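Q: take this sequence and fold it.
(2 chains)
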Amino acid sequence: MRYDAAMITNKPVPTLLLILLTISRSPSQPFSLSSTCKARILVLSHPELGKVTDESNAVVGGFSFGGSTAGLVAVENQDKYKAAVFVDGWWR
Amino acid sequence: MWQITLLYWFTVPFLFLIPLAYAKVPRGYTDATVKPLEEGEKTYPLLIFSHGLSGTGDEHGLMGATLALRGYVVAFPHHSDLSSSLCDVIVPGSSKVQHKLYKHPDFHNYDLDLRQGQCEWRADEVEEVRRRGQTAHRQA
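A: Prediction:
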């Protein structure tokens, strides 16, 4: 069964509830997607994190399609990573 | 049966409306101080973890927070090759943010090189994270 927006929005009562709930869930500070960006910049430019990170002791890992990504990274950069972890890697 | 239908309409639609911004990763902070190094400890190992297809780095946040607590510097990048359900990218040369959503492949004219190309793109991004760490280390 495919779940999509039409399942909900083609019914009048749930549609009304959806609208009401969406309005009530839209405060002055809405769901900000760029907060992830800000956090990323914060981490990458963190003055202390660079000092304590040992890049020569790096491990690459990934889940599913990320597992195949990690595999590719590990194979292409064998001298830069100490280990590779694949969680349910996506292989064929 | 009508009770189940009623329950469905009054519960399931609301689940779609819960924004992920309301989800909190336990022991995950954006303003945390770095744990001081213990005696004999010079640096922390780095772990870079790639998310799955249609996933995001956030979905592994709990694992990342736990590993960070155990003395790893962890990086969970969002991949910008349109294989992530949501990835926001800063447009070069500006402060604008571009939201990249998951793109379904065209199953009628399926490109056999699509996933291979995405995998290579993602591998480059993982390497970039490691290189950025090195840059931060030099600047520090």
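
Q: what segments of chain B are strands?
A: B:44-50, B:73-75, B:86-90, B:97-101 (DSSP state E).

Q: starting from the second one, tell me which strands it pairs with and how they run.
A: Within its sheet, and counting by DSSP bridges, strand B:73-75 is paired with strand B:44-50 (parallel).

Q: equivalent analysis for the last one, please.
A: Note on strand B:97-101: by DSSP bridges, its sheet partners are strand B:86-90 (antiparallel).

Q: hang on, the earlier thing: right, and the strands of chain B - which one's nearest A:Asp79?
A: For the strands of chain B, proximity to A:Asp79 was assessed by Cβ to Cβ; strand B:44-50 is nearest, at 15.0 Å. For the C-beta atoms, the positions are set from N, CA and C on the backbone; glycine is no exception.

Q: name the residues that touch the closest one?
A: By Cβ atoms under 8 Å, 6 or more residues apart in numbering or on different chains, the residues outside strand B:44-50 that reach it are A:52-55, A:57-63, A:65-67, A:69-70, A:73, A:82, A:85, B:37, B:57, B:60, B:63-64, B:67, B:71-77, B:79, B:122, B:126, B:129-130, B:133.

Q: how far does that strand sit from its chain's centre?
A: Chain-centre distance of strand B:44-50: 13 Å, with Cα atoms, centre = their mean, to the nearest Å.

Q: got it, and stretch B:89-104?
A: Relative to its parent chain, stretch B:89-104 has a centroid offset of 15 Å by Cα atoms, centre = their mean.

Q: start to end distance for it?
A: Start-to-end span of stretch B:89-104 (Cα to Cα, to the nearest Å) is 19 Å.

Q: state the mean pLDDT of it.
A: Averaged over stretch B:89-104, pLDDT sits at 81.

Q: list the buried ones in it?
A: Of the residues in stretch B:89-104, those with enough neighbours to count as buried (16 or more other Cβ atoms under 10 Å in any protein chain shown) are B:Val97, B:Lys100.

Q: how near is B:Trp2 to A:Asp88?
A: Distance, B:Trp2 to A:Asp88, by Cβ to Cβ, to the nearest Å: 40 Å.

Q: from the contacts of strand B:44-50, which land in helices?
A: A:52, A:65-67, A:69-70, A:73, B:63-64, B:67, B:122, B:126, B:129-130, B:133 (DSSP state H).

Q: now B:Leu53: how far from B:Phe107?
A: 15 Å.
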